[in-house]
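Asks: below is the sequence, then the predicted model.
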Amino acid sequence: MDAVKRIEIGIFLMIMLILIHSTIYIYLEHLNIIDALYFSITTITTVGYGDISPKTPIEKIITSIYMLISIGIGFYVLGNISELFISGYFKKASKRKIMENRIKNLKNHYIVCGYGKIGKVAADKLRKEGAKFVVIDTNAEMLENELESDPLFNYVVGDATDDEVLIKAKIKDAKCLISAVSRDSDNVYIVLSSKRLNPNLYVIAKADEQVAMDKLLIAGADKVVSPYIIGGLRMAELALKPDILDFVSAFMSIAKYEYNEDLEIRKIVVEEGSELCGKAISETQIRQKSGATIIGVKKGEELITNPSPNLILEPGDVVYAFGTSEQLNSLEKLAVGSTNNKKGFKLFK
């Protein structure tokens, strides 16, 4: 039980004690309600003007017990109030208020449902990329600790299957929702609710069981991710092609930690009206303008690796590019049409 709840209980007990003591004096001394309350309050506050005082032995015993109990409750309340100041409660409350105001103004943000192992990794990645996001979880203490360590952290305490909780996270103004709660059935429910509240929302959901993947797609998820399938495939790839994968991982690690180059692989959609649309790769001068390297192009269902410089890029083609974040951001600008501002998806970093 937190200090605020204990203070509320203490104040409630204090009020009940005053009312009981007043009722007793109404019965014993035949005082009116105002005088009885006046006597009880002046006694409990130790003011004691003396205009009303206990006269009989039973009244003196009752008043003595009343004062002893009231002093104990008073110290209990004051002790908990002191705890609030010592624990920085008011400072935390101020941070929460600032955070709530910040959430009210969010637009085109991300929502992460579930702050478990997967949710934390997703939120950390969003934080590193400078993306605006809100975390939804039922563990209030854990979320408060995150806010303490990161003043820009946004969260809503509650069950993400509840529409009201999703609305508090500004789901109607969000661009993407990541559903990563522990139970597949809850993820299905979250996807259904989120798509109903915001049909244009891009939804990514986690699935532990194979059967849940189809249900999540039927529910409206745009992408479904199974950590076990991805982990199993990664382990199999490491077993079958250890040299290739080790080379890619080692190359990116060396670039990051020795040369401070944040390399990644990203897929970018060529849009109508962009600088790349309708041109051969050699004509786009992608390397000269952005510095990124094209490693593959997907046309419809066909994936072309190591594409020819003469390959024509058409609307809807997916370009797989390798480079630093800055280089890939430059390439994205070349691929975006004049009326759109969508970003690509990072595949490997």
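Replies: That came through fine. Residues are numbered from 1 along each chain as shown.

Asks: distance of the closest residue to K279 other than its chain neighbours from Q285?
Replies: The spatial neighbour of K279 that comes closest, neighbours along the chain excluded (Cβ to Cβ, 6 or more residues apart in numbering), is L313 at 6.1 Å. In this view, the C-beta of every residue, glycine as well, is placed from N, C-alpha and C. Using Cβ to Cβ, to the nearest Å, L313 is found at 12 Å from Q285.

Asks: and the helix or strand I103 falls within, what does it pack onto?
Replies: Here I103 sits within helix 89-104, counting by DSSP states H and E. The contact analysis (3 or more Cβ pairs under 8 Å, 6 or more residues apart in numbering; DSSP states H and E) places helix 89-104 against helix 140-149.

Asks: buried set for the helix or strand encompassing E283?
Replies: Assigned by DSSP H and E, E283 belongs to helix 281-284. Going by neighbour count (16 or more other Cβ atoms under 10 Å), the buried part of helix 281-284 is I281, T284.

Asks: what's the average pLDDT for the next helix or strand after it?
Replies: Per DSSP H and E, the first helix or strand lying C-terminal to helix 281-284 is helix 286-290. For helix 286-290, the mean per-residue pLDDT is 89.

Asks: one more: stretch 301-312?
Replies: What stretch 301-312 shows for mean pLDDT is 88.

Asks: same question for it: list its buried residues.
Replies: By 16+ other Cβ under 10 Å, the buried positions in stretch 301-312 come out as P307, L311.

Asks: tell me the helices in the stretch 201-349 of the chain, going along the chain?
Replies: Using DSSP state H, counting those that start in this stretch, the helices of the stretch 201-349 of the chain run over 210-219, 227-240, 242-257, 281-284, 286-290, 325-335.

Asks: L17: which element?
Replies: With elements taken from DSSP H and E, the one containing L17 is helix 3-28.

Asks: chain center to that helix: distance?
Replies: 41 Å (Cα atoms, centre = their mean, to the nearest Å).

Asks: also stretch 306-313?
Replies: Stretch 306-313 sits 42 Å away from the centroid of its parent chain (Cα atoms, centre = their mean).

Asks: can you give me the end-to-end span of it?
Replies: End-to-end span of stretch 306-313 (Cα to Cα, to the nearest Å): 14 Å.

Asks: shift numbering so it begins at 219
Replies: Yep, numbering from 219; the last one is stretch 524-531 now.

Asks: need the contact partners of that stretch.
Replies: Residues outside stretch 524-531 that contact it (Cβ atoms under 8 Å, 6 or more residues apart in numbering): 488, 494-500, 502, 512-515, 522, 537.

Asks: stretch 389-403 too?
Replies: Residues from elsewhere that reach stretch 389-403 (Cβ under 8 Å, 6+ apart): 324-332, 334, 336-337, 340, 352, 378, 405, 408-409, 412, 415-416, 419-427, 430, 433-434, 439.

Asks: same thing with stretch 254-268?
Replies: So stretch 254-268 is in contact with 232, 235-236, 239-241, 243-244, 247, 249, 270, 281, 284-285, 288, 292, going by Cβ under 8 Å, 6+ apart.

Asks: ok so, going back, so which of the helices of the stretch 419-567 of the chain is the most packed in?
Replies: The highest mean neighbour count among the helices of the stretch 419-567 of the chain, using mean count of other Cβ atoms under 10 Å, belongs to helix 543-553: a mean of 19.

Asks: show me what that helix is packed up against.
Replies: Applying 3+ Cβ pairs under 8 Å, 6+ apart, we find helix 543-553 packed against strand 481-487, helix 504-508, strand 536-542.

Asks: residue ranges with poor pLDDT in the stretch 369-518 of the chain?
Replies: For the stretch 369-518 of the chain, applying pLDDT under 70 flags the ranges 455-456, 459-480.

Asks: list the residues that contact the closest residue to Y333 other than its chain neighbours.
Replies: Spatial nearest neighbour of Y333, excluding adjacent residues (Cβ to Cβ, 6+ apart): D355 at 4.0 Å. Applying Cβ under 8 Å, 6+ apart, we find D355 in contact with C331, G332, Y333, G337, L361, Y373, V375, A378.

Asks: geometric centre of the protein: which residue is closest?
Replies: For the chain, the residue sitting closest to the mean C-alpha position, by Cα atoms, centre = their mean, is V353 at 1.0 Å.

Asks: that residue and S412: what is the separation?
Replies: 15 Å.

Asks: picking that back up, just flag the most distant two among the contacts of stretch 524-531.
Replies: Comparing every pair within these by Cβ to Cβ identifies G496 and I513 as the most remote, at 21.5 Å.

Asks: tell me if I'm right that V352 and A387 touch.
Replies: Yes: the pair V352 / A387 is scored as a contact, 4.4 Å apart, by Cβ atoms under 8 Å.

Asks: who touches both of these two?
Replies: Listed as contacting both V352 and A387 by Cβ under 8 Å, 6+ apart are I321, I329, V374.

Asks: between those, which is closest to I227?
Replies: For the shared contacts of V352 and A387, the nearest to I227 is V374 (27.1 Å; Cβ to Cβ).

Asks: so when I look at that closest one, I'm seeing a strand, right?
Replies: Yes: assessed by DSSP: H, G, I helix; E, B strand; the rest coil, V374 belongs to a strand.

Asks: count of residues packed around it?
Replies: Residues within reach of V374, counting by other Cβ atoms under 10 Å, total 22.

Asks: so what are the domain limits for this protein?
Replies: Domain segmentation of the chain under automatic domain parsing yields 221-304, 324-448, 460-566.
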